[in-house]
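>>> Using only what follows, build the 3D model:
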Amino acid sequence: MNEERKRTMKAGTKIGAALGIIGFLVFGIVPGFYFGSYGVVVLLSHLTGGPVEPTTIVRMLTVVGIMLGIFCIGAVSIVLGSVFGTALGYVVDVLGSLGRARPEEAEAKANNNI
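Residues are numbered from 1 along each chain as shown. Now for the predicted structure:
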């Protein structure tokens, strides 16, 4: 029974991670792009004390910020999807085990009926 529970949990984790990736691809790329670039521009404007000129270094740092924003939102999406999938796998396992008899109960019934 323990091996079956592990398989259910692993399947739930994998399904949740896949749904997290799909959710990231649908809903996460644009916010990652936006918040990453906006965060770098705000940080640079605070560091320089005023408006930022569009020089090469600022553009390179903005691209790095965009990649960091997309990576962070992707990681959060996958981890949260895995957590929710594992929780759902646990719920499915508990609900599925409600209808099954425990091995010791089945053995006791078999011994009493003989």
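>>> From now on I want contacts and neighbour counts done on CA atoms only, so please keep to that.
Will do.
>>> can you pull the contacts of residue 31?
Neighbour list for residue 31: residue 70 [criterion: Cα atoms under 8 Å, 6 or more residues apart in numbering].
>>> That one is in what secondary structure piece?
helix 29-48 (DSSP states H and E).
>>> quick one, longest helix in this structure?
As assigned by DSSP state H, the longest helix anywhere in the chain is helix 56-97.
>>> How far away from the center of its chain is that helix?
Centroid separation for helix 56-97 versus its chain: 4 Å, with Cα atoms, centre = their mean, to the nearest Å.
>>> looking just at contacts, which helices and strands does that helix meet?
Judged by 3 or more Cα pairs under 8 Å, 6 or more residues apart in numbering; DSSP states H and E, the packing partners of helix 56-97 are helix 2-23, helix 29-48.
>>> Kindly calculate the angle that it makes with helix 2-23.
For helix 56-97 against helix 2-23, the angle by axes from the mean of the first three to the mean of the last three Cα atoms, to 10 degrees is 140 degrees.
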